[in-house]
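Enquirer: the following block contains a protein sequence and its predicted model.
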Amino acid sequence: GAYANIKNETGKNIEFGAKISTEDNKIVGTISFFRGERSNQKLDDPVMQLNANEPYNSSTTLFAPGSYGYNTRNFRWRTTDLTNRVEGSEAEVIWTPIRNFQAVINGSWLWTAKTLDDKTHPKPGTDRYNALAATGKRDQDIYYGGRLENVPEYRVNFFGKYTLTEGVARGAAFGLGMRYSSKAVVARNVDWNPLNGGFQFGDYVVFDVTASYPWEILGYKLTSSFGIYNVTDKDYSDGGFVLSPKRNWLFTNTVRF
């Protein structure tokens with residue numbers, strides 16, 4: 001297997017949906033349903049990397065033929081025999097009840113996010129799986145029974161913007177945003193076991209506020225924007241086990257010529 005050709009990664013996607021709009025275009029929305037499969041994704045092959053009988057992994061003999069050093073890994077084994085599937089639905093609505101206010105709401109529900117087949121992990125019900133010890137079966141149950149890493153089941157986002165159209169502050173805009181994510185798996189192993197209360201990131205609601213104002217100086221048109229993100233200073237993570245930024249702010253200026 002060391003010199004086998006690497007298979008091309010392939011994808012198969014199926015999607016259908018609909019778009020709606022009121023006669024006055026004050027409400028515009030879309031909804032879609034999809035299935036995506038990704039095959040031959042390159043990944044580590046832990047079976048070969050931990051194979052003590054494979055001389056290319058490491059050598060316990062100093063300066064042994066084919067070895068670059070004592071007890072040093074010479075190669076990292078990979079495989080491409082893997083198929084993952086994600087199924088779900090996405091929807092978005094844009095609401096403009098009046099000329100100077102607009103709100104955008106979008107969300108997704110991914111009811112399936114799993115591995116269908118992986119040569120490096122014996123699948124439950126197969127002869128390779130049945131030959132495993134109890135701990136080995138436990139590990140494969142977690143791998144095939146847990147959701148794919150970094151794929152929350154639900155996401156919802158909202159952002160509303162109001163722009164002043166009269167008075168001395170004409171052109172000033174104020175926005176409010178909300179971000180929600182359900183839990184997502186960090187890793188499908190016994191240390192982070194998602195099937196038995198292991199830590200998962202996500203499961204948060206975070207709010208953001210923004211303000212902007214256009215102005216002009218020496219013939220140049222500028223827009224100053226100020227945003228406060230994670231307004232409530234919530235402890236949360238939107239990826240892995242590291243916390244995302246606490247309350248923070250950003251001030252920017254853009255110039256148009």
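Expert: The structure has been received and is ready for your questions. Model, not experiment: these values are computed from the prediction.
Enquirer: going by C-alpha atoms from here, please, whenever you check contacts or count neighbours.
Expert: Noted.
Enquirer: ok, now how distant is Phe257 from Gly219?
Expert: Computed as CA to CA, to the nearest Å, the Phe257 to Gly219 distance reads 9 Å.
Enquirer: what's the answer for Asp141, then?
Expert: Asp141 sits at a distance of 66 Å from Gly219 (criterion: CA to CA).
Enquirer: who has more neighbours out of these two?
Expert: Taking neighbours as other CA atoms under 10 Å, Asp141 and Gly219 compare with Asp141 leading, 19 against 8.
Enquirer: could you check how far the nearest residue to the more buried one once chain neighbours are set aside is from Asp117?
Expert: The shortest distance from Asp141 to any non-neighbouring residue, by CA to CA, 6 or more residues apart in numbering, is to Pro124 (7.0 Å). Distance of Pro124 to Asp117, given as CA to CA: 10 Å.
Enquirer: how about the helix or strand of the chain with the lowest mean pLDDT: buried residues?
Expert: Least confident helix or strand of the chain, by mean pLDDT, DSSP states H and E, is helix 46-49 with a mean of 71. Residues of helix 46-49 classed as buried: 48-49 (neighbour count, 16 or more other CA atoms under 10 Å).
Enquirer: give me the below-cutoff pLDDT ranges for the protein.
Expert: The chain contains residues with pLDDT under 70 at 1-4, 52, 54-75.
Enquirer: those strands in the stretch 51-200 of the chain, which residues are they?
Expert: 78-79, 82-98, 101-118, 154-163, 173-181, 184-185, 200-201 (DSSP state E, counting those that start in this stretch).
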